[in-house]
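Student: need a structure here:
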Amino acid sequence: MEGSHEVSNHGEGELVMDERHYLDVLIKSLQQKREVLIKIIEKNVQQTTLLSQENVDMDTWERLVDEKGVLIDQLNFLDAGFEEVYERVHVILKEQKDLFREEVACMQKLISELTDLSVTIQSGEMRNRDLAERQFSKYRSKAKSLTQNNRAAKMYRSNMRGTGVLDPQFMDKKH
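Tutor: Modelled structure (predicted):
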C-alpha cells in the first residue's frame, strides 16, 4: 500500500535507508528554499535601491517584479514537493524520533533559518510597498499637474480666440 511504512518485501535496514533518503530529499528541499529566499531578499534590496531614487526606471522595476515572481513560483514548487515527501515519512518520524535525531535537528535548524529569512522578506516588502506608494503618489501628482497645465493652456487658447485677437498667421503683413 502506497505511503505505508509496513515491512513486507524489505528488511528493516532497507526501510531505514528509504526513510533516510526521503529525509535527505527534505533537507535538500529546505536548503534550496533557503537559497531562493536569499535571492528574494536580494531582489527586495534592489527594489529598495530603485525606489529610493528620484526617478524610478519603470522597466527595471517591472523586470525586478517579474524576477521575483519566478522566484516565488520556485518557492511554491519546492513547498509542494516538500509536503509530498513529508507525507511519506511523517508517521515514522514521530514513531522513531531517536533513529532520525540528526536529520530532524538539521531540518529544525533549516526551518528556523527559513522563518528568519521570511521575516526579513516581509519587512522588506512592507518597506518597498511604502516607498512604491510614495513614488506612485509623486507620479500621480505630476500627472495631475500636467493635466491641469493642459486644461489651462486650452482655456487660454479658447479665451484668446474669443477676444478678437487674430492669430499671427491670419494677419495681413501689408497693413
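
Student: Read off the pLDDT value for the residue most central in space within the chain.
Tutor: Taking Cα atoms, centre = their mean, the centroid of the chain lies closest to residue 68, which sits 4.2 Å from it. As predicted, residue 68 sits at a pLDDT of 96.

Student: So for it, what's the nearest residue that isn't a sequence neighbour?
Tutor: Excluding the flanking residues, the one nearest residue 68 by Cβ to Cβ, 6 or more residues apart in numbering is residue 43, at 4.7 Å. C-beta: built from backbone N, CA, C; applies to glycine.

Student: and if you look at residue 39?
Tutor: That would be residue 71: by Cβ to Cβ, 6+ apart, it lies 5.5 Å from residue 39.

Student: Could I get the contacting residues of that neighbour?
Tutor: By Cβ atoms under 8 Å, 6 or more residues apart in numbering, the residues touching residue 71 are 36, 39-40, 43.

Student: rewinding a little: now do the SS call for the residue nearest to the centre of the chain.
Tutor: Assigned state for residue 68: helix (three-state reduction, DSSP: H, G, I helix; E, B strand; the rest coil).

Student: where's it relative to residue 19, distance?
Tutor: Separation of residue 68 from residue 19 (Cβ to Cβ, to the nearest Å) stands at 36 Å.

Student: Also residue 51?
Tutor: Counting by Cβ to Cβ, the gap from residue 51 to residue 19 is 47 Å.

Student: for residue 80, same thing?
Tutor: With distances taken as Cβ to Cβ, residue 80 is found 21 Å from residue 19.

Student: same deal with residue 70?
Tutor: Distance from residue 70 to residue 19, by Cβ to Cβ: 33 Å.

Student: Also residue 57?
Tutor: The spacing between residue 57 and residue 19, counted by Cβ to Cβ, is 51 Å.
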